[in-house]
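Asker: Generate coordinates for the sequence data below:
(one chain, ligands or ions: 3)
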Amino acid sequence: MLHSDFQHRRSQLLSKISGSTAIFRAAPYAVMHNDVEYNFRQDSAFYYLTGFNESDAVAVFAPHHDEHNYILFVQPKDRAKETWSGRRVGVDAAKEYYGADIVYPIADLDEHLPKYLEKADKLYYHFGIDEAFNTRILKQYQSGIRQHDRKGTGPLSIEDPMTVMNGLRLHKSDYELSLIRKAVEIAAEAHNLAIEKRKPGLYEYELQAEIEMLFRRHGGMGPAYPSIVASGANSCILHYVENDRQMQDNELLLIDAGCSFDYYNSDITRTYPVGNKFTPEQRILYELVLKAQLAAIEKIKPGNPWNEFHDTSVRVITEGLMELGLIVGEIDEVIKDEKYKPFFMHGTGHWLGLDVHDVGGRKTGDLWHTFAPNQVITAEPGIYIGPDFEPLEGQPAIPDRWLGIGIRVEDDILVTTDGNEVLTAAVPKTIEALERV
Ligand code: GLY
Ligand code: MN
Ligand code: MN
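Answerer: Ligands and ions are numbered 1, 2, ... in the order given. Sure thing, here's the model as predicted:
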C-alpha cells in the first residue's frame with residue numbers, strides 16, 4: 001500500500017488547480033541500444049502524485065468533475081506481454097492500490113479525455129519530448145476550444161504544471177525526508193569506504209564498483225546519476241564518467257556519487273589525496289573550497305535569499321584566488337565581470353529530492369526565493385584549474401604547479417526552523433580527517 005503522503009499530495013494539487021484539469025504522463029521507455037531498454041524509471045512528477053511505477057500510463061486530475069477527480073489510464077493485464085516485459089498492475093488492481101476514482105485501459109485515453117476537459121477553464125500539461133503524444137493532447141485541447149464556442153465551457157489556455165508542482169515538491173514531508181536520509185546514509189557509507197580503500201595504482205572503476213555495490217546491497221535503486229570517480233586532471237572535468245584511469249600518488253581524487261533510494265536521492269562530493277597527503281598547492285586550494293563551502297552553508301537558513309548563498313562562495317573563492325595571484329583586479333569588479341568563472345563555473349547548489357537537480361526554482365522575476373524549513377539543497381563550490389587552463393584577457397598565466405587540480409566539496413543540507421542540518425556530515429571533509437598519517 002502506498003504511503004498516505006501520495007493521497008495528501010493529490011489533495012493539495014486538486015485544491016490548487018480547482019477549476020482546471022491537469023494531465024501527467026508516465027515516463028516513456030528509454031532505448032539503450034537497438035531493442036534493449038534502460039531500466040524503467042518513472043517521471044518524477046508522475047511518481048510524486050501517483051506512486052505508480054509503469055510506463056504507458058496517464059494521470060488526469062479534474063477537481064470540477066462530478067464523479068472522478070483522479071483518473072488513471074494504465075496498461076491492462078496481458079499474460080503474454082508480461083512474460084516478456086514484466087508484471088503489470090492492471091486496471092482493477094490499480095484502482096484498488098493506487099487510489100484512483102476510476103481506472104481505464106491506456107488505449108481508451110482519447111475516448112475518455114473529453115469528459116474530463118469539458119468543464120475545465122484551463123489545462124495543465126507539460127510538453128515533453130514525445131511530439132506525437134503532445135499532438136494528441138493538443139488535439140483534445142483544440143476540440144475543447146471548439147466546444148467552448150458552442151457550449152461556453154472548456155479550457156482556453158494551457159499552463160505548465162510546474163507553476164503548481166514546484167511549490168509542492170520543494171517542501172519535503174517527514175516521509176520524504178526519511179527517504180532522503182536513507183539515500184544519504186547509504187552514499188555516506190560508500191564514500192567512507194572509498195576514502196578508506198583509495199590508494200595509488202587502483203583504477204577509478206574499482207572504487208566506482210565498491211561504491212555502487214554498496215548502493216545496491218543496501219536496497220538502493222542504484223546511482224542517483226552516473227558516478228564520477230576522477231583522479232588527477234580528470235577532477236577538472238565536471239561530468240567525467242569514463243572512470244577508467246589508474247590513479248597515481250600525489251594526485252587528487254574527486255568522487256561525486258549519490259544514491260537513489262525509493263526514488264529519493266543523495267548527492268555527495270569529496271576530494272582528497274590518492275595517497276596520504278595533499279601537496280602544498282592542493283592543500284591551499286582545498287582549504288579555500290572548504291572555506292567557501294562552510295561560508296555558503298552558513299547562509300542556508302529560513303528567510304535568507306538564494307543569491308546570498310551563491311554570492312558568498314563566489315566571494316570567498318575569488319578573494320582567495322586573488323591572494324594567490326591567480327586572478328588580478330579589483331575584487332568587486334572581478335566579481336561583477338565574472339572573472340572567477342574560468343575557475344568556478346557552476347552554481348553553488350541545487351534543490352535535491354525526487355530529481356537530483358530538483359524542481360523549485362530560484363527566482364520569480366527579479367525576486368530571489370528565500371529558504372524555508374524542510375527544503376533540501378546541495379552546497380558544492382569548487383575550483384578547477386585544468387591542464388590546458390586559459391586565462392581570460394588581462395589575467396595572469398597560471399604557473400604549472402597549479403595545473404591539473406580540480407576540487408569540489410558537496411554536502412546535502414536540510415533547512416530547519418532555525419538554520420540548517422548537514423545531512424551528509426558522516427563523510428569527513430577536514431584536511432586532518434582526509435590525510436593519512
Ligand atoms: N552530481 C551532480 C551534481 O553535483 O550536481
Ligand atoms: Mn554531485
Ligand atoms: Mn550536486
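Asker: Quick check: residues of the stretch 101-250 of the chain near ligand 1?
Answerer: By CB under 6 Å from any ligand atom, the part of the stretch 101-250 of the chain that sits against ligand 1 consists of Y225. (Glycine included, C-beta is placed from N, CA and C.)
Asker: Do you have the helices of the stretch 101-250 of the chain handy? List them.
Answerer: With DSSP state H, counting those that start in this stretch, the ranges of helices along the stretch 101-250 of the chain come out as 109-117, 131-151, 162-170, 174-197, 204-217.
Asker: Run a quick neighbour tally on the residue nearest to H171 when sequence neighbours are not counted.
Answerer: Using CB to CB, 6 or more residues apart in numbering and skipping residues adjacent in sequence, the residue nearest H171 is N374, 4.9 Å away. Number of residues near N374 (other CB atoms under 10 Å) recorded here: 16.
Asker: got the contact list for N374?
Answerer: For N374, the contact set (CB atoms under 8 Å, 6 or more residues apart in numbering) comprises H171, K172, S173, L177, L414, V415.
Asker: Surely V60 and R25 touch.
Answerer: No - using CB atoms under 8 Å as the test, V60 is too far from R25 to be in contact (10.1 Å).
Asker: As JSON lines, the contacts of N374 with distance to ligand 2, neighbour count and pLDDT would be great.
Answerer: Below are the contacts of N374 laid out as JSON lines (distance: CB to the ion, whole Å; neighbours: other CB atoms under 10 Å; pLDDT from 0 to 100):
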{"residue": "H171", "distance to ligand 2": "22", "neighbour count": "15", "pLDDT": "97"}
{"residue": "K172", "distance to ligand 2": "19", "neighbour count": "23", "pLDDT": "98"}
{"residue": "S173", "distance to ligand 2": "24", "neighbour count": "15", "pLDDT": "98"}
{"residue": "L177", "distance to ligand 2": "19", "neighbour count": "16", "pLDDT": "98"}
{"residue": "L414", "distance to ligand 2": "17", "neighbour count": "21", "pLDDT": "99"}
{"residue": "V415", "distance to ligand 2": "19", "neighbour count": "23", "pLDDT": "98"}
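Asker: and these, which of them are in strands?
Answerer: L414, V415 (DSSP state E).
Asker: ok so, going back, quick check: which of the helices of the stretch 101-250 of the chain is nearest to W351?
Answerer: Among these, helix 162-170 comes nearest to W351, with 6.5 Å by CB to CB.
Asker: what angle sits between the closest one and helix 174-197?
Answerer: In terms of direction (axes from the mean of the first three to the mean of the last three CA atoms, to 10 degrees), helix 162-170 departs from helix 174-197 by 70 degrees.
Asker: Give the other helices and strands that helix 162-170 contacts.
Answerer: In this structure, helix 162-170 makes packing contacts with helix 5-17, helix 44-50, judged by 3 or more CB pairs under 8 Å, 6 or more residues apart in numbering; DSSP states H and E.
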